[in-house]
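Q: What follows is a protein structure lacking sequence information:
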């Protein structure tokens, strides 16, 4: 095995993760049942579940597992999808909509079961999740219906009034007018979780290659050939799991999602006197803004704040002003906390706000578009993709298997994202009043 270069972008998670497993370096031609391109949560979960089912699996990652958004996200385990359960059923029908609501609603169960089964050390805590309403309209039209719909499906969720959410979050009373609490969620160290999934897949027999960029993909005598810099790999089936980092390896797939950069900062560990006043229950929090804020404490007592990035990638300390302002507004007791880390990663947005699976050609599959719900939703999707690859019919699975639907003006995406951001910022401010 060849040691891999330290290619991870700087972040809190890169600085505090468990040591990475040893990965293979691709040097020879070979053949497997299934090749998975991309080693984020989706690709690793797919590989793990395929290997458990007895398939020979190779995972090919251009950098190292967890390099993309899977190793840079907020580490919040959020049950369900962006859509409310009733909306899923109305848009997708009773069978698929109900199935997806149930399967993705149990995403936290799957994550924690894998952590327990494979003894993954990732600072996990099943503390629940809180969504804060940034204004009365959001509370009335979004938060209450969402909470009520999950309660109707047996979840022990509860609405939070302004007093209770301020107490649970440890925020100023003006930060949120209310919210809801979902006991299914929690938090973890996302890069450690990615590395744990990689080790779990290896323990089941999957081979993981780091520093292995696939340059071309082509069919040859009923099999797929993946061409790399130092050889090629043949596979009966291939899964593309590259999400917001999807390139032109398969024509047109990149244009089915809009990559949006999400930005985070983390303070230095807070003094105990301040730490104990912020999220004493250890939950992760996100709010209802269109340009949402999300925050939590890490296992060492750092306060993390995330939101829309002012830059595409590689942020600097001076880029953190807006998120520092959010900390001061929501947590005035932490106003003097020094920022220790800044980092960013890409989120893949789809037209309908749902994750998509595609059958691009016989034996060629893709899964992408998680819209900021990566930890649980990607893990669930990987399990379902393994079933699809193993021969399950699309209609048998609680998975949206759709025809790729590219954005028409994808080349203008940066201008569109900027314009939409300005518009959403105005709406968020008006609704917060």
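A: Looks like it came in fine. Every value quoted in this text rests on a predicted model; they were computed, and no experiment measured them.

Q: can you list contacts of the helix or strand residue 323 falls within?
A: Residue 323 is part of helix 321-330, with elements assigned from DSSP states H and E. When contacts are defined by C-beta atoms under 8 Å, 6 or more residues apart in numbering, helix 321-330 is touched by residues 169, 171-172, 175, 263-265, 267, 293, 295, 303, 305-307, 310, 334-335, 337, 339. Backbone N, C-alpha and C define where each C-beta goes, glycine included.

Q: Which is the succeeding secondary structure element to it?
A: Taking DSSP H and E as the definition, the helix or strand right after helix 321-330 is strand 339-349.

Q: Helix 321-330 and that next one, what's the angle between them?
A: Relative orientation of strand 339-349 versus helix 321-330 (axes from the mean of the first three to the mean of the last three C-alpha atoms, to 10 degrees): 100 degrees.

Q: pLDDT averaged over strand 339-349 - what is it?
A: For strand 339-349, the mean per-residue pLDDT is 94.

Q: Need the residues that contact the following helix or strand past that strand.
A: Heading C-terminal from strand 339-349, the first helix or strand you meet, by DSSP H and E, is strand 356-361. For strand 356-361, contacts defined as C-beta under 8 Å, 6+ apart pick out 219, 240, 250, 253, 256, 350, 365-369, 381, 384-385, 388, 394, 399-404.

Q: Just list the residues touching residue 219, thanks.
A: Counting by C-beta under 8 Å, 6+ apart, residue 219 makes contact with 225, 361.

Q: what's the pLDDT at the residue most central in space within the chain?
A: In the chain, the centroid-proximal residue (C-alpha atoms, centre = their mean) is residue 374; its distance is 1.6 Å. We have a pLDDT of 84 for residue 374.

Q: got it, and the one 10 residues further on?
A: Reading off the confidence values, residue 384 has pLDDT 98.

Q: And residue 29, by the same measure?
A: pLDDT, residue 29: 82.

Q: Use 679 as the first number from now on
A: OK, 679 is where the count begins now, so the last one is residue 707.

Q: Contact partners for residue 807?
A: 754-757, 859-860, 862-864, 961-964.

Q: what's the distance between residue 793 and residue 978?
A: To residue 978, residue 793 is 19 Å away according to C-beta to C-beta, to the nearest Å.

Q: Likewise for residue 962?
A: Counting by C-beta to C-beta, the separation of residue 962 from residue 978 is 16 Å.

Q: repeat for residue 1061
A: To residue 978, residue 1061 is 31 Å away according to C-beta to C-beta.

Q: Between those two, point out the one with more neighbours.
A: Using other C-beta atoms under 10 Å as the criterion, residue 1061 and residue 978 rank with residue 1061 on top: 22 against 13.

Q: What about the residue nearest to that one when sequence neighbours are not counted? Give its phi and psi, please.
A: Using C-beta to C-beta, 6 or more residues apart in numbering and skipping residues adjacent in sequence, the residue nearest residue 1061 is residue 727, 4.9 Å away. Backbone dihedrals for residue 727, given as degrees, to the nearest 10, come out at phi -70, psi -30.

Q: that older thread, I figured the residue nearest to the centre of the chain was touching residue 749, is that so?
A: No. Counting by C-beta atoms under 8 Å, residue 1052 stays clear of residue 749, with 10.4 Å between them.

Q: those strands in the stretch 779-928 of the chain, which residues are they?
A: In the stretch 779-928 of the chain, the segments counted as strands under DSSP state E, counting those that start in this stretch are 807-811, 836-839, 856-860, 864-865, 885-887, 892-898, 901-906, 909-918.

Q: do you know which of those lies nearest residue 955?
A: Closest of these to residue 955 is strand 807-811, at 15.7 Å (criterion: C-beta to C-beta).

Q: Sheet partners, orientation included, of the closest one?
A: Strand pairing for strand 807-811, using DSSP bridges, gives strand 856-860 (antiparallel), strand 962-965 (parallel).

Q: coming back round to it: how about the nearest residue to the residue nearest to the centre of the chain, chain neighbours excluded?
A: Per C-beta to C-beta, 6+ apart, closest to residue 1052 is residue 751, 5.3 Å.

Q: Got the phi and psi for that neighbour?
A: Residue torsions, per degrees, to the nearest 10, at residue 751 are phi -80, psi -170.

Q: which residues touch it?
A: Applying C-beta under 8 Å, 6+ apart, we find residue 751 in contact with 868, 940, 1023, 1052-1053.

Q: Next: residue 938.
A: 922, 986, 1024-1027, 1095.
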